[in-house]
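Participant: Pasting the sequence and the predicted model now:
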There are 4 protein chains.
Amino acid sequence: MQLGLVGLGKMGANMRTRIQEAGHQVVGYDPRPEVSDVGTLADMVAALDAPRAVWVMVPSGDPTRTTIAQLAELLEPGDVVVDGGNSKYSDDLPNSELLGGNGVGYVDCGVSGGVWGLRNGYGLMVGGSDDDVTRLMPVFDALRPPGERADGFVHAGPVGAGHYAKMVHNGVEYGLMHAYGEGYELLSAEPLITDVEGTLRAWTTGTVVRSWLLELLVRALDEDPGLAEISDYTTDSGEGRWTVEEAIRHSVPANVISAALFARFASRQDQGSPALKAVSALRNQFGGHSVKDSSGRSVGETGTPT
Amino acid sequence: MQLGLVGLGKMGANMRTRIQEAGHQVVGYDPRPEVSDVGTLADMVAALDAPRAVWVMVPSGDPTRTTIAQLAELLEPGDVVVDGGNSKYSDDLPNSELLGGNGVGYVDCGVSGGVWGLRNGYGLMVGGSDDDVTRLMPVFDALRPPGERADGFVHAGPVGAGHYAKMVHNGVEYGLMHAYGEGYELLSAEPLITDVEGTLRAWTTGTVVRSWLLELLVRALDEDPGLAEISDYTTDSGEGRWTVEEAIRHSVPANVISAALFARFASRQDQGSPALKAVSALRNQFGGHSVKDSSGRSVGETGTPT
Amino acid sequence: MQLGLVGLGKMGANMRTRIQEAGHQVVGYDPRPEVSDVGTLADMVAALDAPRAVWVMVPSGDPTRTTIAQLAELLEPGDVVVDGGNSKYSDDLPNSELLGGNGVGYVDCGVSGGVWGLRNGYGLMVGGSDDDVTRLMPVFDALRPPGERADGFVHAGPVGAGHYAKMVHNGVEYGLMHAYGEGYELLSAEPLITDVEGTLRAWTTGTVVRSWLLELLVRALDEDPGLAEISDYTTDSGEGRWTVEEAIRHSVPANVISAALFARFASRQDQGSPALKAVSALRNQFGGHSVKDSSGRSVGETGTPT
Amino acid sequence: MQLGLVGLGKMGANMRTRIQEAGHQVVGYDPRPEVSDVGTLADMVAALDAPRAVWVMVPSGDPTRTTIAQLAELLEPGDVVVDGGNSKYSDDLPNSELLGGNGVGYVDCGVSGGVWGLRNGYGLMVGGSDDDVTRLMPVFDALRPPGERADGFVHAGPVGAGHYAKMVHNGVEYGLMHAYGEGYELLSAEPLITDVEGTLRAWTTGTVVRSWLLELLVRALDEDPGLAEISDYTTDSGEGRWTVEEAIRHSVPANVISAALFARFASRQDQGSPALKAVSALRNQFGGHSVKDSSGRSVGETGTPT
């Protein structure tokens, strides 16, 4: 089938390759002329036969919303749009209604797999009507991993369900990564363990904790033993926050995922943690801990009861 | 080679099968005559040619310590003992010294893989001297998964390192399981997600969160949709506690693993949580929340500022 | 001065008493005729001399928003409204703008102290313009505890700051209450401690942890030793959730407050924790834990390595 | 009465003053001649009339254990020793047995109040036999705050109970301090709050969260607005760790106290957090996040789905 693809960054370009290799025709648009197949978004729409399918793969938030608003102007009844970015699920219903007002269908698709998806296929979580999803199945089948369709693809529910599932996926990912991180840190702290990397590598096969993330961690340690080149400054991309917000909305105790999220926040406190400054200040106040007397001499003692 | 194997429970019996299938001779001892190859532990030792190798696969704690003390009496210089159970790593040095006093070697081996190890092979984490570990490699090779030895096997360090690595492995396992649990709970709470199990199944392939544990969770949901037959009462087997204790000893922040451990504790509070009773009592005290006036009439109001 | 007071529930009635005792005139309105001074909100407005001051003390959310919308119709330029309820701070700017369109001022005031405020005075956190706050100082002075004004009263910032400060106050309260709760639970679990209540009572004086909440906890234990009549089912009133949401928005690690919030969520899971059911199901899957064989016989063993 | 007092550091010296002001005779020993009343520990014992009471106020661990071993040699049947330091409760039974072998009684006493205890009195938590505790009541009454004995003093149980109660007290203190710390940090992060310190000061009176610790925090902010001179490097003195270890032993979920403890651990990770380095490394691996291609050019994109 034919597919318009908006956004030819790393992810978009890889996905184009995979879709083309499955025998489909892709007309790609990107604001950077050197990578774009067409000059404008309107050119892309014009190059597709109706009923059209257009996949949007641009950063979430304003860029995606703007692109979809433009497509709402350009597309015709019977066309369908997929938002494959990491949009917040609450954007999906407005997007769907905007397009639906012009008779254009809408599907939200969470895509997982990162740079490895080109080779391995992408895990896909889809929300939308049965009709819209069915129409797009050839593209989904091109993108998802080979093998059983239910492994790597789910039609999780109506519009919004795909991004919701992707959001939770990423929240779980936060927790998994941090669990491995804590294990790595504890192994590294214990002198008995003389081969930390070998221990993690051994875990990749046969054990209960084996996973793809663990394989990636071993790979990272192969490339950079001790992770000497890696900063502990860790950003977050939105889904972790949204997951905890949703946990709050649904009264779900999310201790593990929130702990992983908060650890990332703490990693970025370049000026130190105000909370811990308050704790330090309190310890100074009630004494024993670097209390200064009137002459400026420290009179506190470690181990003094407080 | 020849191996004495003490303990023929589910794990021990499966391991015997796997070792035998690799062409080795196993003389198994178990206190239950119907499954034992020999009548007594002494009979087992007598049935082995020196220098002997004996694998202990009995519950951790007193049973393992007792068995090793008995073997210290029965074995001869040049023999070697493996503790393959879930012993605390701090038991290893005393065990090693007890046996070493009689010239008997000692290796601790953490074994992961559960009931699936019979088919898939077991992940092995080993602590001990190079000589002792080398002597036992044929048995380790029989037990570990086929393929690269470094995947599924590590000589992690001196005596104690194997159980230490296994302890951390299980601590990480707590965190991973709980991360998936929180994701499952949140998906289940959100009406948009009409196919929770299908979403988890989709995650098993192509996604960042794919893992063996996730495959098992999907398997559990296949067998029991909605986990209707499963209680949320969750025990713990020691390693989770030890992992957090070690984290404290090494000043490692273990927020994720401890959250998973504490959630298990909470699941067993049949009489309710005393901490939360205290919180409820406080809310009653400062008012607005089911405060009773002198006539016994409730005068509190939800939403009243406190 | 004169004050209109909308809402004569427990809090509102107590506040009326305190304001009247300071020599001010209060015209109270409540939809329940038996407690109301006037028949309608319009009657209340008519009974006040311009420029008027009206204090709204009704449940947060729709009731407060509706009341303020009605006041926007009834009041005149130069009047001022105080929202003293537990409104979300994000309601304040819209309320302020709605009233401001008609020349009516707006102040948000977080009120703490519960049923004890009648006797002790209320802690007040106020947001608004200097002019509006200054006009209302006689009422604030009536409500706040006697003594230094800065103890028990703060003009924290512009419109919204009062409710923001109150929200954080309540978030901190969650953490404090849970810290005491954990201490109470641990003391109760330890056989060495033969006088748990006496220990808490001793803490109320001289120690580092002394506080009003601790005094209330001792009071609750006096009334109900062992908290036998108290359920561990604990609701939450919004501010705890908002505090964690704000922490996420500001990238503030809020491990303690979120742990307290999530524990309340968990206390209400009458059907058990889906997350822990998933953990239990996983433990069953990888074996050793109540695994059933084909005959329905349990073949798992506690303490078996997994 | 007469009291021998070993250890005249800040705490010991203050306590001596308070005991003397109550009319008792104190013979103090300290290894520093310039502050000691006597030349040696034996001199101190010789200066006391039998039956003697000796209070040990030296750092916990080896110094306390050594002092008590020396006293076991020097004292006589009928004498009694108090350990008033922050010893681990598990030291108390061995200490008690060592002294008891010579007919010397033993009481453990947790002391709270810090440098403020001199003026306000100390909160005391005591473990021991009724007879031993009764004998020492004049000293306890001198040290505890004036007023009701049950406020500021508890005979919590047999030997060990005093230090256990003090340990839990300090664990709770960790949680309280961190709850205030998180509140302070969130107030500081919100632009609406133009008077953070004033908000905390207002909280000290009338509100639900008022406490002595909060007063100290305001005092610290008075002395150092913005806590500009305070480091967020925060040590811990043992009781927090022991509290979490005890929570694990008793299967008590201690999410709040452990979160406060782990935050202190994290504050001391000068080389960065290995766990977060692992998380960063994983993010690099699965792409989108500063992934480098073969030419060293970054090809990842923020916001790219993974």
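Facilitator: Perfect, I can see it now. Numbering: from 1, shown residues only, chains lettered A, B, ... in the order given.
Participant: What average pLDDT does stretch A:156-172 get?
Facilitator: Averaged across stretch A:156-172, the pLDDT comes to 98.
Participant: so, in contact with chain B or not, it?
Facilitator: Yes. Taking Cβ under 8 Å from any Cβ of the partner chain as the criterion, stretch A:156-172 and chain B are in contact, through A:156-158, A:160-161, A:164-165, A:168-172. Every C-beta, even on glycine, is put in place using the N, C-alpha and C of the backbone.
Participant: Quick check: the farthest pair among the residues you listed?
Facilitator: Across the residues of stretch A:156-172 next to chain B, no pair lies farther apart than A:P158 and A:V172, at 22.0 Å, counting by Cβ to Cβ.
Participant: Give the residue from these two that has the larger number of neighbours.
Facilitator: Remark: of A:P158 and A:V172, A:V172 carries more neighbours, 31 against 19, as counted by other Cβ atoms under 10 Å in any protein chain shown.
Participant: Specify the local secondary structure of that one.
Facilitator: Three-state assignment for A:V172 (DSSP: H, G, I helix; E, B strand; the rest coil): helix.
Participant: That one: what's its closest spatial neighbour, skipping adjacent residues?
Facilitator: Spatial nearest neighbour of A:V172, chain neighbours left out: B:G183 (3.8 Å); criterion: Cβ to Cβ, 6 or more residues apart in numbering or on different chains.
Participant: residues in contact with that neighbour?
Facilitator: By Cβ atoms under 8 Å, 6 or more residues apart in numbering or on different chains, the contact set of B:G183 is A:168-169, A:171-172, A:175, A:257.
Participant: tell me which element it falls in.
Facilitator: According to DSSP states H and E, B:G183 maps onto helix B:161-189.
Participant: Could you break chain A into its assigned domains?
Facilitator: Using automatic domain parsing, the domain ranges for chain A come out as A:2-157, A:166-299.
Participant: May I have the distance across the first one, first residue to last?
Facilitator: Right, domain A:2-157. With Cα to Cα, to the nearest Å as the measure, domain A:2-157 spans 25 Å from end to end.
Participant: Is chain D within reach of it?
Facilitator: Yes. Using Cβ under 8 Å from any Cβ, domain A:2-157 reaches chain D at A:9-11, A:59-61, A:84-86, A:110-116.
Participant: Tell me which of the residues you listed fall in helices.
Facilitator: Counting by DSSP state H, the part of these found in helices is A:10-11.
Participant: Restricted to strands, list the residues of domain A:2-157 next to chain D.
Facilitator: Among the residues of domain A:2-157 next to chain D, the members falling in strands are A:110-112 (criterion: DSSP state E).
Participant: Of the residues of domain A:2-157 next to chain D, just the buried ones, PyMOL syntax please.
Facilitator: The PyMOL command for the buried members of the residues of domain A:2-157 next to chain D (criterion: 16 or more other Cβ atoms under 10 Å in any protein chain shown) is given here:
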select buried, chain A and resi 9+10+11+59+60+84+85+86+110+111+112+113+114+115+116
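Participant: The residues of domain A:2-157 next to chain D: which ones sit near chain B?
Facilitator: A:112-114.
Participant: before we move on, back to that, can you list the helices and strands that the helix or strand following the helix holding B:G183 packs against?
Facilitator: The first helix or strand that comes after helix B:161-189 along the chain, using DSSP H and E, is helix B:196-203. In this structure, helix B:196-203 makes packing contacts with strand A:123-127, strand A:153-157, helix A:161-189, helix B:161-189, helix B:212-223, judged by 3 or more Cβ pairs under 8 Å, 6 or more residues apart in numbering or on different chains; DSSP states H and E.
Participant: now with 10 Å?
Facilitator: Counting contacts by 3 or more Cβ pairs under 10 Å, 6 or more residues apart in numbering or on different chains; DSSP states H and E, helix B:196-203 is packed against strand A:105-112, strand A:123-127, strand A:153-157, helix A:161-189, helix B:161-189, helix B:212-223.
Participant: And chain C, is the last one touching that?
Facilitator: So the one you mean is helix B:212-223. Yes. Residues of helix B:212-223 contacting chain C under Cβ under 10 Å from any Cβ of the partner chain: B:212-221, B:223.
Participant: Show me which residues of the stretch 101-250 of chain A are close to chain C?
Facilitator: For the stretch 101-250 of chain A, the residues in contact with chain C (Cβ under 10 Å from any Cβ) are A:207-208, A:236, A:240-242, A:244-245, A:247-250.
Participant: quick one: which of those has the most company?
Facilitator: In terms of neighbours by other Cβ under 10 Å, these top out with A:T207 at 33 neighbours.
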